[in-house]
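> Build the 3D model from these lines:
(one chain, ligands or ions: 1)
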Amino acid sequence: MKTICIFCGSSPGRMPEYVEAGRQLGCLIAKRKLSLVYGGTNVGIMGQIADEVLKNRGSVIGVITEHLKEKNIAHPGLSELRVTDTMQERKALMDELSDGFIALPGGLGTLEEFAEMLTLAQLGLHRKPCGILNACGYYDKLIDFMDYAVSQGFLKDVHRSMILIDEDPEALLNKFENYKAPLADKWVDR
Ligand code: AMP
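Numbers count the residues shown, from 1 in each chain. This is a model prediction of the structure:
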């Protein structure tokens, strides 16, 4: 694993612990000599993670749309900034550049991006690890919902178990390093 993609809030959230969790993860990414791929802005948790990776001499690739760049929120100090025409192309490029995906606290943008990577994984279209950094239990209700989806027959256990979860950034990265995708594409074992 060389490159980790992070999806997270373009806002900082109400509790400082959310940003702090992002900073801790950014620091570990740099120390493990991984590159960060993220949405390329200097706002919210996103900007703070990028700053922390750069501060620790890590490499950061931002992927932003022309539309967001025109709003003057592109981070000015990244190792590389890639610009796409659409949000769909942006996500596809983030997927192409990355060996794994982590969701930190965030809103609809974060959920949408992370859900797409999980959907591609359960279809067997990639075999990269996908995980949640559950800072301060922010995603507890989403995790409960995933278990409910399993109990109601809409999500298979094997696909639920593909979602790596931890409150601790170091423990989560260790799970990523040890991850082996199950051989259970959504449509092959019906
Ligand atoms: P959200 O979780 O709704 O704050 O959205 C953040 C995620 O969606 C990031 O991973 C970005 O890639 C994307 N995104 C959505 N809206 C914005 C925005 N205004 N600025 C930067 N990124 C955004």
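> chain center to stretch 40-50: distance?
13 Å (C-alpha atoms, centre = their mean, to the nearest Å).
> can you tell if that stretch touches the ligand?
Yes. Stretch 40-50 lies within reach of the ligand by C-beta under 6 Å from any ligand atom, at T41, V43, M46. The way it works is simple: take the backbone N, C-alpha and C, and place the C-beta from them, glycine included.
> Can you tell me which of those residues is nearest the ligand?
T41 (4.3 Å; C-beta to the nearest ligand atom).
> Tally up the residues packed near the closest residue to N134 other than its chain neighbours, please.
Nearest non-adjacent residue to N134, counting by C-beta to C-beta, 6 or more residues apart in numbering: E167, 5.0 Å away. E167 has 15 neighbouring residues, counting by other C-beta atoms under 10 Å.
> before we move on, what about G26?
26.
> Verify the stated contact: it with I45.
No. Contact status for G26 versus I45: not in contact, 9.7 Å apart, counting by C-beta atoms under 8 Å.
> So the closest residue to the ligand within the chain, which state does it fall into?
Closest residue of the chain to the ligand, C-beta to the nearest ligand atom: G109 (2.2 Å). Here G109 takes the helix state, with states given by DSSP: H, G, I helix; E, B strand; the rest coil.
> try E113
helix.
> same thing with L93?
Applying three-state DSSP: L93 is helix.
> what about it, neighbour count?
With other C-beta under 10 Å as criterion, L93 counts 16.
> so how far is H126 from it?
14 Å (C-beta to C-beta, to the nearest Å).
> ok, L173 touching G26?
No. Using C-beta under 8 Å, L173 and G26 do not qualify as a contacting pair, with a distance of 11.5 Å.
> How many residues are close by L34?
So L34, with other C-beta under 10 Å, has 20 neighbours.
> Get me the contact residues on the chain for the ligand.
7-11, 39, 41, 43, 46, 68, 73, 106-110, 113.
> follow-up on the earlier one: just list the residues touching the residue nearest to N134, thanks.
L133, N134, A135, C136, G137 (C-beta atoms under 8 Å, 6 or more residues apart in numbering).
> For ChimeraX, what selects the buried ones among those?
Buried subset of the contacts of E167, written as a ChimeraX selection, criterion 16 or more other C-beta atoms under 10 Å:
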select :133,134,135
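> Thanks a lot, see you next time.
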